[in-house]
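J.: could you look at this predicted model? Sequence included:
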Amino acid sequence: MTDIQQSIREQVEGNPVILYMKGSPQFPQCGFSMRAAQALAGCGVEFAYVNVLEDEGIRQGIKDYGNWPTIPQLYVGGELLGGCDIIMEMYESGELKKAVQAATESAE
């Protein structure tokens with residue numbers, strides 16, 4: 001396992017809810033990342049994020065780590081939930097809030 005993959009694993013396992021995105025929740029750098037961050041914020045839980053634009057190794061590495069080709073990527077409880085479309089579907093159905101609340105509660 002490369003150092004990048006090890007770093008990603010530590011981030012994913014060390015945070016109950018973590019979003020790999022372009023930019024930050026306050027200053028997203030693409031529409032998909034913005035919608036994903038807004039959906040998470042709408043769930044009312046704290047979440048970590050990684051700005052993939054700050055580190056090319058992470059930007060490529062996260063795609064390999066989860067075998068998912070696009071950014072953003074949301075990990076909850078160490079598992080990849082998916083990208084923007086899946087995040088938005090889960091948010092609209094209420095599933096996202098349940099998943100992130102369960103992950104944050106079990107981490108406490």
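T.: Done, it's in.
J.: now do the strands in the chain.
T.: 17-21, 48-51, 73-76, 79-82 (DSSP state E).
J.: for residue 35, which of the ones you listed is the nearest?
T.: Among the strands of the chain, strand 17-21 comes nearest to residue 35, with 10.2 Å by C-beta to C-beta. Using the backbone N, CA and C atoms, a C-beta is placed for each residue, glycine as well.
J.: any buried residues in that closest one, and which?
T.: 17, 18, 19, 20, 21 (16 or more other C-beta atoms under 10 Å).
J.: between the two ends of stretch 3-22, how far is it?
T.: 21 Å (C-alpha to C-alpha, to the nearest Å).
J.: ignore the last one, stretch 17-36
T.: Start-to-end span of stretch 17-36 (C-alpha to C-alpha) is 12 Å.
J.: for that stretch, buried residues please.
T.: Per 16+ other C-beta under 10 Å, stretch 17-36 contains these buried residues: 17-25, 28, 32-36.
J.: contact partners of it?
T.: 11-12, 37, 40-41, 45-53, 58, 62, 70-76, 83-84, 87-88, 100, 103-104 (C-beta atoms under 8 Å, 6 or more residues apart in numbering).
J.: please flag which of these sit within helices.
T.: Among the contacts of stretch 17-36, the ones falling in helices (DSSP state H) are 11-12, 37, 40-41, 58, 62, 84, 87-88, 100, 103-104.
J.: what's the closest of these to residue 3?
T.: So of the ones in helices among the contacts of stretch 17-36, ranked by how close each gets to residue 3 (C-beta to C-beta), first place is residue 58, at 10.8 Å.
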